[in-house]
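In: All I have is the shape, not the residue letters:
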């Protein structure tokens, strides 16, 4: 398997793809941080904010304006761990802890963008926009078929100015067109929706330093998560039930995204809920139907479904 994947529910995307054993492609920030030390500074969120000319600071620097968004300056586990909105100086003094940073609270669409980079030059971009729900959860993500001219220009320019010498994938999270986080990897949650030849092109980028995706054809896709309340960690659905969902109309993949033998607190999860699974699909209503079918596989859980 060419991709260094920590989550076994995503092995399905990479099985059977030919790749030399010495080519290491990260999908996790912990690996990316170690393997690319020259560019690992992107995980320091104060440095990322300053690279965009944004106001930021730590617990020793009181913001001049509120509200602000606070979070760990470095978080290699993801899922919005330790993040919060701070509305005034009293909250700031109560909530800010050592190792945290603050930056402006952005408004606008939350976009996840994957980029292929050749020696500091962006050669491919694809965007997914998330429909925010509650406390770090998303109702679903839409993988877009086309580009976004303004965001494309912003990210391409930022990459050219900041990523000299880097070759590989990057993932950016933006709100309102400004970068809130960057990662030295791609988003492995929905890479099966990128189309034929994409994984092979990514392997070629790491193996040969060149991006060689031949087709520009893209298709709208959707990634639909299922959440339950924190607490109980159930067993996985049986293989037959999972297979039935995977064969439902327009479903591309099903991921059961937790370890039944681990306690809930050992899973990186958003504050609002515990993610049970993800349905990737080509039609949103079909994805909702598949999510309902998946929910029925967890009769002992308090399922959380968006209205």
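Out: Happy to help now that I have it. No experiment lies behind these values; they were computed from the predicted model shown.

In: what sits against residue 32?
Out: Neighbour list for residue 32: 26, 40, 183-185 [criterion: Cβ atoms under 8 Å, 6 or more residues apart in numbering]. Just so you know, the C-beta spots here come from the backbone N, C-alpha and C atoms, and that holds for glycine as well.

In: Try it again at 6 Å.
Out: By Cβ atoms under 6 Å, 6 or more residues apart in numbering, the contact list for residue 32 reads 26, 184-185.

In: now, which of those sits nearest residue 140?
Out: Of all these, residue 140 sits closest to residue 185, with 21.8 Å by Cβ to Cβ.

In: can you pull out the strands in the stretch 1-150 of the chain?
Out: For the stretch 1-150 of the chain, applying DSSP state E, counting those that start in this stretch gives strands covering 3-4, 25-26, 68-72, 84-86, 100-104, 110-118, 121-132, 138-143.

In: so the fifth one versus strand 68-72, what angle?
Out: On the basis of axes from the mean of the first three to the mean of the last three Cα atoms, to 10 degrees, strand 100-104 is oriented at 150 degrees to strand 68-72.

In: And strand 100-104, what does it pack against?
Out: Strand 100-104 is packed against helix 45-51, strand 68-72, with contacts defined by 3 or more Cβ pairs under 6 Å, 6 or more residues apart in numbering; DSSP states H and E.

In: Out of the ones you listed, flag the one nearest residue 144.
Out: Among the helices and strands packed on strand 100-104, the nearest to residue 144 by Cβ to Cβ is helix 45-51 (23.4 Å).

In: need the contacts of residue 32 in TSV with distance to residue 45, neighbour count and pLDDT, can you?
Out: Formatted as TSV, the contacts of residue 32 follow (distance: Cβ to Cβ, whole Å; neighbours: other Cβ atoms under 10 Å; pLDDT from 0 to 100):
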residue	distance to residue 45	neighbour count	pLDDT
26	19	24	94
184	14	22	98
185	16	22	97
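
In: can I get those residues in CSV with distance to residue 236?
Out: Below are the contacts of residue 32 laid out as CSV (distance: Cβ to Cβ, whole Å):
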residue, distance to residue 236
26, 26
184, 31
185, 26
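
In: count of neighbours near residue 168?
Out: 22 (other Cβ atoms under 10 Å).

In: ok, what's across the strand from it?
Out: residue 117 (DSSP bridges).

In: Can you read off the pLDDT for it?
Out: If you check residue 168, the pLDDT there is 97.

In: circling back to that earlier point, out of the helices and strands packed on strand 100-104, which one sits most buried?
Out: Highest mean neighbour count of these: strand 68-72, a mean of 20 (counted as mean count of other Cβ atoms under 10 Å).

In: Direction included, what does that one pair up with?
Out: strand 84-86 (antiparallel), strand 100-104 (antiparallel).

In: Report the rounded mean pLDDT for the last one.
Out: The pLDDT scores in strand 100-104 average 96.

In: What are the contacting residues of it?
Out: Contacts with strand 100-104, where a contact means Cβ under 6 Å, 6+ apart, come from 45-46, 49, 54, 56-58, 68-70, 72-73.

In: Out of these, which two sit at the greatest distance?
Out: 54 and 72 (17.1 Å).

In: tell me which residues of stretch 209-216 are tucked away?
Out: 211, 213 (16 or more other Cβ atoms under 10 Å).

In: my bad, stretch 25-45
Out: Buried residues in stretch 25-45 (16+ other Cβ under 10 Å): 25-29, 31-33, 35-36, 39-40, 42-43, 45.

In: Of the residues you listed, which belong to helices?
Out: Here DSSP state H is the test, and those give 29, 31-33, 35, 45 as lying in helices.

In: Same list (the strands paired with strand 68-72) but as TSV, adding mean neighbour count.
Out: Listed next are the strands paired with strand 68-72 as TSV, based on neighbours: other Cβ atoms under 10 Å:
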stretch	mean neighbour count
strand 84-86	17
strand 100-104	22
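
In: want to throw those strands into TSV with distance to residue 251?
Out: Putting those into TSV (distance: least, Cβ to Cβ, whole Å) gives the following:
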stretch	distance to residue 251
strand 84-86	36
strand 100-104	38
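
In: got any ranges where the chain has weak pLDDT?
Out: Along the chain, segments meeting pLDDT under 70 span 1-2, 78-80, 215-217.

In: what ranges do the helices span in this structure?
Out: Along the chain, the stretches classed as helices by DSSP H are 29-35, 45-51, 89-95, 149-162, 198-208, 239-246, 284-295.
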